[in-house]
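Q: everything below, folded, please.
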Amino acid sequence: MADGSYDVVIVGGGHNGLTCGAYLAKAGKRVLILEARDVVGGGCATKEVAAPGYRHNFHSNFHGIIHMGPVYTDLELERYGARYIWPENQFAHVFPDGRALICSRSLERTVDNVARFSKRDAETFRELAHVYRGVLEEGMIPAMFSPPGPPSRDLIPLEGSTEGLGLIRQFMTTPNHLAREMFETPEVQTWIGFWVAQLAGTGDVFGLGANYPIMVAGSLEPYGWAICRGGSNQLAQAMARFFLDHGGEIRVASPVARIEVGADGAGAVKLESGENAPVGEMLVSNLDPRHTFLELVGEENLDETMARACSRWRYDVISMFCVYLALDAPVRWKAAEWDPAVQRTFAVSICESLEVLDDNASDCRLGVPPRQPGLFTVHPSLFEPSLCPQGKEACFIEQIAPYELREGGHEAWDEIKSGYAETVLSRWRPYLAGGLDDAAIVGRYISSPIDIERVMPSMKHGDWNHGEMSQYQLGVFLPFHEYPPYRSAFANVYMCGASTHPGGSIGGACGYNAAGAIAEDLGLEAWWKRPAPAAVHRGG
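A: Prediction:
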């Protein structure tokens, strides 16, 4: 690494780091991305883990936001190899009595499905879908791809009407409260509440009612949650190809040991190998604020304001427990007798009621693996055959779980994860007509919250969002309000990861917005068209 040979050094090669680097590289900056793992992409990871020939996507399966904003087009990602499949049946919920409720990308087909449970709920869903599409397109999508503003500015446009105030009220409540309020039948409440909760992991956090538009309208045409052909890592590889084609450099297997700072800010990045990467103009971190500043910069090098801001950053106590399965054939759902489409649905959830989902969150906060886990089963290989041998299935189950166990802390997961995986599989089997007996399981891979942290160094505490999703850690408060968005106490140190606005999920929005902030500060002519700030932020 020649002294001063890079204008920009980016720590972390997740999809937001790649996005930020790609925009800056095309703008003429010499950019180096340092990635700790042996492959770029962060959560956009695809790997053979359960059995030979079966490939699974870790942490990143539902790619919808990337198609809502400018990143996919600006970075020519389709031309560089990121191509997508949109399953018609987006998600389903199966019930103990053998019925199922499916959300299709078709609004009318979904309304018909809901009407089998309640005609009144079907009309409510139709009305909400239209309202939420307007909120999504006019407010949330532009807001995700713009720097956040003060909360009051975001809400002022809605305060002048009864309907607008009603939306604000919805945004301020919990996903589960809102499901109970809007729909009359427990099955419809559970179906929609469980789905909306997936964006944050739980449905009991006040302020995350704001996730309804992105999950409801975002699942319907012309939107929808898509599967990347060849696996989720293909999105990261497409970003990397664009970045490399515009003069960028990537170094994988290069974990950072230290960010060296002085009076002028960051001066160099020291790798665990002992090498130094000099910082020419700026350093950009794709990591969370605690990891970046308290660990890599060192709390002793922070002023009081910065140290306090980073120290108060909270990781979520709730993580994920996942079982990745290689199956001899696709699972067969009992509920297919009620609706055959459940056999061709991207994700299928199992949870008897929203009360069970509330209990899951309570268990996690007590440090107990959910005793009656609500399961989210995901079936990408039904639509992308490259993920497994012909006629087989590569699927996985996930559910929320605590990072710290009451008995033994996070390290105790190594002792209990095999037994808990059996609990999860035993919970799933009664809903199946076949496909999950021992002889049908070719292989399995178990990922506990501590395993997530071990495999993904940027996901501290097994937190895939890089921080707790609550109102004091969203919008302009991501990751701290003492400094302008994407900036820090150091004039040449910026942030671009999931701990910045608009938060987690695969969309490249954090990296896109960070590149805009850098261009603004440097007086750099942005080759991309930057949208005007929007009126309403996503809130999740």
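
Q: next, Asp328: phi, psi?
A: Main-chain torsions, Asp328, degrees, to the nearest 10: phi -70, psi -20.

Q: the nearest residue to it once chain neighbours are set aside: neighbour count?
A: Counting by Cβ to Cβ, 6 or more residues apart in numbering, Asp328 lies nearest to Ala440, which is 4.7 Å off, once chain neighbours are set aside. Placement of C-beta: from N, CA and C, glycine included. Using other Cβ atoms under 10 Å as the criterion, Ala440 is surrounded by 18 other residues.

Q: low-confidence regions, the chain specifically.
A: By pLDDT under 70, the weakly predicted segments of the chain are 1-4, 200-201, 530-540.

Q: returning to what we had before: how near is the residue nearest to Asp328 to Pro52?
A: Using Cβ to Cβ, to the nearest Å, Ala440 is found at 17 Å from Pro52.

Q: so where do the strands sit in the stretch 1-150 of the chain?
A: Residue ranges of the strands in the stretch 1-150 of the chain, as given by DSSP state E, counting those that start in this stretch, are 8-11, 31-34, 45-51, 54-58, 84-85, 89-94, 100-104.

Q: deepest of those strands, which one?
A: With neighbours taken as mean count of other Cβ atoms under 10 Å, the strands of the stretch 1-150 of the chain reach their highest mean count in strand 8-11, at a mean of 28.

Q: strands paired with it, and their directions?
A: strand 31-34 (parallel), strand 282-285 (parallel) (DSSP bridges).

Q: which residues touch the last one?
A: Contact with strand 282-285 is made by 7-12, 17, 20-21, 259, 265-266, 269, 292, 296, 492-497, 514, 518, as judged by Cβ atoms under 8 Å, 6 or more residues apart in numbering.

Q: please indicate which of those residues are buried?
A: 7-12, 17, 20-21, 259, 265-266, 269, 292, 296, 492-497, 514, 518 (16 or more other Cβ atoms under 10 Å).

Q: which of the contacts of strand 282-285 fall within helices?
A: Gly17, Cys20, Gly21, Ala514, Ile518 (DSSP state H).

Q: just send these back as JSON lines, with distance to His177 too.
A: JSON lines is the format used below for those (distance: Cβ to Cβ, whole Å):
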{"residue": "Gly17", "distance to His177": "36"}
{"residue": "Cys20", "distance to His177": "37"}
{"residue": "Gly21", "distance to His177": "41"}
{"residue": "Ala514", "distance to His177": "34"}
{"residue": "Ile518", "distance to His177": "40"}
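
Q: before we move on, which element is the residue nearest to Leu271 when sequence neighbours are not counted in?
A: Of all residues not flanking Leu271 in the chain, Ser254 sits nearest, at 5.4 Å (Cβ to Cβ, 6+ apart). Assessed by DSSP states H and E, Ser254 sits outside every helix and strand.

Q: hmm, Ile33 and Ser254 touching each other?
A: No - between Ser254 and Ile33 there is no contact under Cβ atoms under 8 Å: 9.1 Å.

Q: ok, and the closest non-adjacent residue to Val49?
A: Among residues not flanking Val49 along the chain, Tyr445 sits closest, at 4.0 Å (Cβ to Cβ, 6+ apart).

Q: what about the one you found, which SS state?
A: strand (DSSP: H, G, I helix; E, B strand; the rest coil).

Q: which parts of the stretch 201-350 of the chain are strands?
A: For the stretch 201-350 of the chain, applying DSSP E, counting those that start in this stretch gives strands covering 227-228, 249-251, 256-262, 265-271, 276-278, 282-285, 318-327, 332-333, 345-350.

Q: and the closest residue to Gly507 other than its chain neighbours, how far from Cys510?
A: Setting aside the residues directly before and after it, Gly507 is nearest to Ile65 in space (Cβ to Cβ, 6+ apart), at 3.1 Å. Separation of Ile65 from Cys510 (Cβ to Cβ) stands at 11 Å.

Q: ok, these two, which is more surrounded?
A: Cys510 (32 against 25).

Q: that one sits in which helix or strand?
A: Counting by DSSP H and E, Cys510 is found in helix 509-522.

Q: CA atoms of that helix as PDB?
A: Included here for helix 509-522 are C-alpha records, laid out as PDB according to Å, rounded to 0.1, in the frame of the first residue of the first chain:
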ATOM      1  CA  ALA A 509     -29.500   3.400   1.000                       C
ATOM      2  CA  CYS A 510     -27.100   4.000   3.800                       C
ATOM      3  CA  GLY A 511     -24.100   3.800   1.500                       C
ATOM      4  CA  TYR A 512     -25.900   6.000  -1.100                       C
ATOM      5  CA  ASN A 513     -26.700   8.700   1.400                       C
ATOM      6  CA  ALA A 514     -23.200   8.600   2.900                       C
ATOM      7  CA  ALA A 515     -21.700   9.100  -0.600                       C
ATOM      8  CA  GLY A 516     -24.000  12.100  -1.000                       C
ATOM      9  CA  ALA A 517     -22.800  13.600   2.400                       C
ATOM     10  CA  ILE A 518     -19.200  13.100   1.400                       C
ATOM     11  CA  ALA A 519     -19.700  14.700  -2.000                       C
ATOM     12  CA  GLU A 520     -21.400  17.700  -0.400                       C
ATOM     13  CA  ASP A 521     -18.600  18.200   2.100                       C
ATOM     14  CA  LEU A 522     -15.900  17.900  -0.500                       C
END
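
Q: would you mind pulling up the elements that it packs against?
A: helix 15-26, helix 71-74, strand 282-285, strand 493-495 (3 or more Cβ pairs under 8 Å, 6 or more residues apart in numbering; DSSP states H and E).

Q: show me the contact partners of it.
A: With Cβ under 8 Å, 6+ apart as the test, helix 509-522 has contacts from 8, 15-21, 23-24, 27, 65, 69-71, 144-147, 281-282, 284, 286, 484-487, 494-498, 500-503, 524-526, 530.
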